[in-house]
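In: sequence and predicted structure below; questions after.
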Amino acid sequence: MKILLVCAGGMSTSILMNKMKKYWASIEVPLDVEAVGLAEYNEHYQDFDVILIGPQVSYRQSMIEKETGKPCAAINSTDYALGNCDRIYEQVKTLYEEMENA
């Protein structure tokens, strides 16, 4: 799975990214994930399958989808704050399924 995480500055998603790497490794699912700030996603999105957006920039979701043409979703604020990787994994699986069925 190739996931780009986008937040305001890339800092809080870096923390989440590390938790996601540990979780994905524990369930033996390959993961390629990068965390960037909103100002940088244009330079990185081409190499990723889906984009997850931090709740603090969720208002930019439709713009990011339009500009990238990639499946995109905002992470639930509670899941984001708690690093709830079980639920984030389910969200990513749904995005992948939608991408495959498109």
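Out: Received the coordinates, thanks.
In: for Leu52, helix, strand, or coil?
Out: strand (DSSP: H, G, I helix; E, B strand; the rest coil).
In: touching, it and Met1? I think so.
Out: No - with contact defined as CB atoms under 8 Å, Leu52 does not reach Met1; the gap is 10.8 Å. For glycine as for every other residue, the C-beta is placed from the backbone atoms N, C-alpha and C.
In: what touches both of the two?
Out: Common neighbours of Leu52 and Met1, counting by CB atoms under 8 Å, 6 or more residues apart in numbering, are Val92.
In: neighbour count winner among these two?
Out: Leu52 (26 against 17; other CB atoms under 10 Å).
In: contacts only, for the more buried one.
Out: Contacts of Leu52 by CB under 8 Å, 6+ apart are 3-6, 72-75, 88, 91-92, 95.
In: ok, 6 Å please
Out: 3, 5, 75 (CB atoms under 6 Å, 6 or more residues apart in numbering).
In: specify the beta-bridge partners of it.
Out: For Leu52, the beta-bridge partners are Leu5, Ala73 (DSSP bridges).
In: ok, Gln46 to Lys66 distance?
Out: Distance, Gln46 to Lys66, using CB to CB, to the nearest Å: 15 Å.
In: for Asp47, same thing?
Out: 19 Å.
In: how about Tyr80?
Out: Distance from Tyr80 to Lys66, by CB to CB: 23 Å.
In: between those two, tell me which one has more neighbours.
Out: Neighbours of Tyr80 and Lys66, each counted by other CB under 10 Å, are more numerous for Tyr80; the result is 24 against 9.
In: spit out the contact partners of that one.
Out: Contacts of Tyr80 (CB under 6 Å, 6+ apart): 54-55.
In: where does it sit, in terms of helix or strand?
Out: helix 77-82 (DSSP states H and E).
In: CA atoms of stretch 5-25 as CSV?
Out: Extracted in CSV, the C-alpha atoms of stretch 5-25 (Å, rounded to 0.1, in the frame of the first residue of the first chain):
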residue,chain,number,x,y,z
LEU,A,5,-0.4,11.6,4.5
VAL,A,6,-1.1,15.3,4.3
CYS,A,7,-1.5,17.7,7.2
ALA,A,8,-0.9,21.4,7.8
GLY,A,9,2.9,21.1,8.2
GLY,A,10,3.7,17.4,8.1
MET,A,11,4.7,17.2,11.8
SER,A,12,1.6,15.5,13.4
THR,A,13,1.3,13.1,10.4
SER,A,14,4.9,12.1,11.0
ILE,A,15,3.9,10.8,14.4
LEU,A,16,0.9,8.9,12.9
MET,A,17,3.1,7.6,10.1
ASN,A,18,5.4,5.9,12.6
LYS,A,19,2.4,4.3,14.3
MET,A,20,1.0,3.1,11.0
LYS,A,21,4.3,1.5,10.0
LYS,A,22,4.4,-0.5,13.3
TYR,A,23,0.8,-1.5,12.9
TRP,A,24,1.0,-2.5,9.3
ALA,A,25,4.2,-4.5,10.1
